[in-house]
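Q: Structure for this input, please:
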Amino acid sequence: MPFRNFGLETGILSALQKSGYARPTPVQDAAIPVVMQGNDLIAIAKTGTGKTAAFVLPILHRLSQSKAQGTPKALILAPTRELAVQITENIQNYGQHLTLRVAAIYGGVDEEDQIQTLRKGAHIIVATPGRLIALIERQKIDFQALEVLVLDEADRMLHMGFLPAIESIVESLPRRRQTLMFSATLSKEIESLARSFQFKPKRIQIGDQSNPAETVKQSVYEVPPHLKGAMLLELLKHPNFSRVLVFVRMKDGANRLTEFLQASQIKVTKLHSSRSQEQRLKALQDFKDGKAKVLVATDIVARGIDIDGVSHVVNYDFPVNPEDYVHRIGRTGRAEAQGEAISFVPRGDLNLLDHLEISIGERIDRKRLRGFDYYAKTQGPKPGEKPPRQDWRKRTREMESKKAANKPTKSGARPANKGTKKHRKK
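A: Next up is the predicted model:
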């Protein structure tokens, strides 16, 4: 069914047409009518299925028709700065023909600039919980006119420990409001949250939440840890690897892998929690604009971030949890496009692979890279890996031996070192 069948405001339809959106995705098709009818909603759908537009479009329509005075009218909570920025950009895009203002509130940037934006009057606020709490406590925001609350990536916010902050925020909102909850998974915690914050919510679920999107081709390369960097370089030589998102577990690993790729003349950028907000935004923009072929990132971008044209996701470090795997590879094959996900699995991570396959109910294709030397010798620590630690038992024995050698005897004298001659009494 085309978007016009929803009865959306003509300016919104014009923006959608300009953006090249021909028809709604299944989650949009199911959610938009429910939201436009004013119902509370719990929407469960896989990552990459278009959940953002499913709540942004009806909110824009509602506010374009609203005659009530006062701002803000809608509050959208998101778990990360990157997702807050992306939602804000989507609102500006879909609402480009409307006279509605949006403000993004998140940490890592000057708080006073955001306060000035709020004073001008924002109809929609997109915020991360931490910074929003700070502004509420300073009484910089008045939510008396609020009509709609959205919790986006609700499961992720709970996982990140934002429940107390969310509860505090909700206490400052009007009780009579529409509350929408969008999530990739449905847990007992999500259901408990719904009972606390929503009134007779409608529920929709699109697809099997535990499985990856059908548009993503998956494969596994069993490779020794010290050869993962070399294998990544070989894969990047293929022309179809045009825009590659590489996931690592730790930010130190992201730094080392980025340096390794830069030394190999690969256009690469990195994104992790220790980078400043300006650096994080620039990294994402360079990747979106094609200035960087590779984005090395931690799981900070595994949820909600929408980057058009990601040809491949590479799990350089295999994820510990199946849920993290599903969200990571969901960065490609978005909006029914085709994508490919490749995972490097050292022998020590085969148990994680087994656990994943049991969880998603399918076996992932095993592949071998033609012409690649799987038996190359170790040449010191490679990207993303720390130098191997000495066996702890050996270290303990050595430390105990040193302590014994330096321990004073009953007479107060230290034992003679081995290899030295004892002085004879004259």
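Q: And the helices in the stretch 51-200 of the chain?
A: For the stretch 51-200 of the chain, the helices defined by DSSP state H, counting those that start in this stretch cover 51-65, 81-94, 111-119, 129-137, 154-159, 163-171, 188-197.
Q: export those to TSV and tack on mean pLDDT?
A: Formatted as TSV, the helices of the stretch 51-200 of the chain follow (pLDDT from 0 to 100):
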stretch	mean pLDDT
helix 51-65	94
helix 81-94	92
helix 111-119	91
helix 129-137	93
helix 154-159	84
helix 163-171	92
helix 188-197	85
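Q: mind putting those helices in JSON lines, distance to Arg101 included?
A: Glycine gets a C-beta too; all of them are placed from N, C-alpha and C. Converted to JSON lines, these look like this (distance: least, CB to CB, whole Å):
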{"stretch": "helix 51-65", "distance to Arg101": "10"}
{"stretch": "helix 81-94", "distance to Arg101": "10"}
{"stretch": "helix 111-119", "distance to Arg101": "8"}
{"stretch": "helix 129-137", "distance to Arg101": "17"}
{"stretch": "helix 154-159", "distance to Arg101": "25"}
{"stretch": "helix 163-171", "distance to Arg101": "21"}
{"stretch": "helix 188-197", "distance to Arg101": "26"}
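Q: Of these, which is nearest Arg370?
A: helix 81-94 (36.7 Å; CB to CB).
Q: Give me the nearest residue to Ser343, chain neighbours excluded.
A: Asn315 (4.0 Å; CB to CB, 6 or more residues apart in numbering).
Q: Quick check: bridge partners of the one you found?
A: Beta-bridge partners recorded for Asn315 (DSSP bridges): Phe247, Ser343.
Q: That one: neighbour count?
A: Asn315: 24 surrounding residues under other CB atoms under 10 Å.
Q: repeat for Pro26
A: Neighbours around Pro26, by other CB under 10 Å: 15.
Q: what do you get for His327?
A: 27.
Q: Hmm, it is touching Thr185, no?
A: No - counting by CB atoms under 8 Å, His327 does not reach Thr185; the two are 9.3 Å apart.
Q: Just checking, which helix or strand of the protein averages the lowest pLDDT?
A: helix 392-406 (a mean of 60; mean pLDDT, DSSP states H and E).
Q: Ser196 and Lys377: what is the separation?
A: 58 Å (CB to CB, to the nearest Å).
Q: Is it possible to get JSON lines of the helices of the stretch 51-200 of the chain that adds mean neighbour count?
A: Formatted as JSON lines, the helices of the stretch 51-200 of the chain follow (neighbours: other CB atoms under 10 Å):
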{"stretch": "helix 51-65", "mean neighbour count": "23"}
{"stretch": "helix 81-94", "mean neighbour count": "21"}
{"stretch": "helix 111-119", "mean neighbour count": "14"}
{"stretch": "helix 129-137", "mean neighbour count": "18"}
{"stretch": "helix 154-159", "mean neighbour count": "22"}
{"stretch": "helix 163-171", "mean neighbour count": "16"}
{"stretch": "helix 188-197", "mean neighbour count": "15"}
